[in-house]
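Asker: sequence and computational prediction follow.
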Amino acid sequence: MGHADFSSAQQATPTGRGTGYNPHNRFHGERIIAVDDGWERDTPAARLTEVRHEHAKTVISRNRSPDVPFEQSINPYRGCEHGCIYCFVRPSHAYWDLSPGIDFETRLIAKVNLCEVLERELCAPSYRCSPIALGSNTDPYQPIERELKLTRGVLEIMLRYRHPVTIVTKGAMILRDLDLLAELTQLGLVKVFISMTTLDDELKRTLEPRAASGAARLRVIARLREAGIPVGVLCAPIIPMINDSEIDALLKASAEAGATSAGWVMLRLPHEVVELFEHWLAEHYLLRAKHVLNMIRDTRAGELYNADFSQRMRGTGQVAQIIKQRFDLARRRYGLVSNDRSTLRCDLFAPPGQQLGLF
């Protein structure tokens, strides 16, 4: 894969998007290369979001990765309108004959039969209950959830079936579902993790263009805590020379808002995300771009990415070790424990009709 040329201008990003670039789909044999002829160098107009409906055959994904803290997950949507430039899931869009670039954040796929299929899978005689993770890939509270309400439908099923669920989001829309979350909390069936990346609005604007602001996410934490819903923070990703200086401020603000736990993940750049991130650096942080990439290489044994399970979440080397020490120190300073999903109850699980046996 080629790397960005920091000496030349990059394709401008459309208003409100994470990138204006659509890297080559790695499953295609042919490649179209855009050439800058010096015309139309202004920022292009905003690109509208398209939503394709998918009728899924299965909706519960099983995880066998030893470094991922859950066994199964549900993702109502493919692609994510939040447009986070660093999203490690972007390469999955290539499987749908779409680019991991701007296609990922504008050409979305919604599993419109999700609830029907989920109930069928939960009622299968072979099903064994363990917490289901919502938001492991794309954000379950991205903007299209406002209309489609697939995430709310999942939570309604979780409550009806007495099934444990965890949620990771950077969207303030989760407050819409406080009623369901409160009932799930009373049964010991839910934990929420708010993704905190930066408190700098200008950085957020380019890094996560359509996600909630840092201040809005802190308000979400406070509202969840007021409602008695267990909430932690996930500082993901930590990017050397971009947001690592905010570690202490992020954990301090999160603890003051009401978070009780915290975790972190190092920046991951699989497949096309390397090229996208290089373009983002060239557009927004040209003077420090090479330094940032060199520090990332220090965390990945000289490469920009290493998929090894033992190091892909935290990295290795001196830079990674310093970040870990700083995070652990700040976490202890503000009374935050490590994120934990293991205390959710699985013994209450009973599909409707079977619950009569409890009485």
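Answerer: Perfect, thanks for sending it. Numbering: from 1, shown residues only.
Asker: when you work out contacts or count neighbours from here on, use the C-alpha atoms and nothing else.
Answerer: OK.
Asker: what sits against P91?
Answerer: Each residue near P91 by Cα atoms under 8 Å, 6 or more residues apart in numbering is listed here: S99, P100, P270, H271, E272, V273.
Asker: can you put those residues in TSV and add neighbour count and distance to I144?
Answerer: Compiled in TSV, the contacts of P91 are given as follows (neighbours: other Cα atoms under 10 Å; distance: Cα to Cα, whole Å):
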residue	neighbour count	distance to I144
S99	23	20
P100	29	19
P270	19	26
H271	17	27
E272	24	25
V273	22	23
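Asker: quick one: low-confidence parts of this protein?
Answerer: Applying pLDDT under 70 to the chain flags the ranges 1-11, 24-46, 67, 354-359.
Asker: helices of that one, start to end?
Answerer: In the chain, helices defined by DSSP state H lie at 102-106, 114-122, 145-148, 150-161, 178-186, 201-207, 214-226, 247-257, 273-284, 289-299, 317-333, listed in chain order.
Asker: any idea how far D97 lies from P91?
Answerer: 11 Å (Cα to Cα, to the nearest Å).
Asker: T49: neighbouring residues, count only.
Answerer: Neighbour count for T49, taken as other Cα atoms under 10 Å: 12.
Asker: my guess is it contacts F104, does it?
Answerer: No: between T49 and F104 there is no contact under Cα atoms under 8 Å: 10.0 Å.
Asker: give me the common contacts of these two.
Answerer: Residues touching both T49 and F104 by Cα under 8 Å, 6+ apart: E81.
Asker: out of the helices of the chain, flag the one nearest T138.
Answerer: Closest approach to T138 among these is made by helix 102-106 (10.3 Å; Cα to Cα).
Asker: for that closest one, C-alpha coordinates in PDB please.
Answerer: Below are the C-alpha coordinates for helix 102-106, written out as PDB (Å, rounded to 0.1, in the frame of the first residue of the first chain):
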ATOM      1  CA  ILE A 102     -16.000   8.500   2.500                       C
ATOM      2  CA  ASP A 103     -18.300   5.600   1.400                       C
ATOM      3  CA  PHE A 104     -18.000   4.300   5.000                       C
ATOM      4  CA  GLU A 105     -19.500   7.400   6.500                       C
ATOM      5  CA  THR A 106     -22.100   8.200   3.800                       C
END
